[in-house]
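Participant: task: produce atomic coordinates for the following.
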Amino acid sequence: RPVSLGRPGAALTLDGDRLTAAEAALAALQVELGVGNAHDRFRAALGGISRFAGVAAGASAVVELGYGDDLEKVLTGTVTSVERRPWGLVVEGLAATFSLSRTRLGRSYVSQTAGDIASDLVTSANGTAGEISSSLSLSAYHADERRSVWSHLCSLAQLAGCELSSEGDGSVNFRPPKSGSPDHTFRHGAELVAWDVGPRDTVQTDISVVPFGAASEQGSEKWHVVLREPDGGAPSDETLVPGALRDRDGAQTYEKALRDARTRRGSGGDVLVGGDAAVRAGDVLTLDDVPGAG
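Facilitator: Below you'll find the predicted structure:
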């Protein structure tokens, strides 16, 4: 039986001034949340009579979505552009993680986990650390000022097989892809409106990862010559030799993360459901009672 979700509601807060959709003369609102290199973003169309008509780029922004008066904060960030139109204006903004793309730091880390490095980079850049979890130990990692903090976080996430995302309050998540019990269940004939899911064609080339090793294994107290051919000299697959990974456990962790990511890309698609502000990028979901599903 179809579920009645009530009247959709929204609220915008720009530079501390909070208005509901009606009060802000909000005509349309789009919010995009994701995991990976891109920052979460929003795009709001406002009528010319809106109290936000004078907003400028650089204003702080908070976006809330939900039903009726039950609204949930889905994005906290900054207005990045304002477009004036004959009928009003279009306001665009990015999540608070955007500030990490404009911040550059110089740091060197020795024998620390990817999670500890990520947490230090975020807090040192005046960001807010959310759920940060990775036990992968890196022998050495150098964050130089030629790249932004966000760029380094993306590189660390790839090494550790983690996903980057942002919470509704703007905090940064750095964690392995979720698995196990679903966070949400969408039922055919209820929450699930339309779907297009199935297997996807992906590149099946295997990638091997080997540690950036030394020619001697006599311990860290000795001087070493770097292995000339850490991959053995005759690899059968594409081989990666990350400088931050100096042991087999770390190399195997990275290799498994690459293979798991390829497996996830092997199936996918689009799902249209009734609005739920609690759904976040990276959540695990199941589709129930889908006709024709195996």
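
Participant: now the helices: where do they sit in the stretch 101-250 of the chain?
Facilitator: Along the stretch 101-250 of the chain, counting by DSSP state H, counting those that start in this stretch, helices occupy 114-124, 149-160, 248-265.

Participant: so for Tyr67, which of those helices sits nearest?
Facilitator: Closest to Tyr67 of the helices of the stretch 101-250 of the chain is helix 248-265 (C-beta to C-beta; 31.3 Å). To be clear about C-beta, it is placed using only N, CA and C from the backbone, and glycine gets the same treatment.

Participant: any idea of the angle the closest one forms with helix 114-124?
Facilitator: On the basis of axes from the mean of the first three to the mean of the last three C-alpha atoms, to 10 degrees, helix 248-265 is oriented at 80 degrees to helix 114-124.

Participant: buried ones in helix 248-265, by neighbour count?
Facilitator: Residues of helix 248-265 classed as buried: Gly250, Ala251, Thr253, Tyr254, Glu255, Ala257, Leu258 (neighbour count, 16 or more other C-beta atoms under 10 Å).

Participant: give me the longest strand you can find in this protein.
Facilitator: Criterion DSSP state E: the longest strand present in the chain is strand 70-85.

Participant: return the set of buried residues in that strand.
Facilitator: In strand 70-85, the ones that count as buried by 16+ other C-beta under 10 Å are Leu71, Lys73, Val74, Leu75, Thr76, Gly77, Thr78, Val79, Thr80, Val82.

Participant: now render those residues as TSV, adding pLDDT and distance to Asp144.
Facilitator: Below are the buried residues of strand 70-85 laid out as TSV (pLDDT from 0 to 100; distance: C-beta to C-beta, whole Å):
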residue	pLDDT	distance to Asp144
Leu71	93	42
Lys73	96	35
Val74	96	34
Leu75	97	30
Thr76	98	29
Gly77	97	26
Thr78	97	26
Val79	98	30
Thr80	97	26
Val82	97	34
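
Participant: now, among those residues, which is nearest to Val271?
Facilitator: Nearest to Val271, judged by C-beta to C-beta, of those is Val74 at 17.8 Å.

Participant: ok, the closest one - contacts?
Facilitator: Applying C-beta atoms under 8 Å, 6 or more residues apart in numbering, we find Val74 in contact with Val31, Leu33, Val63, Glu64, Leu65, Gly168, Ala277.
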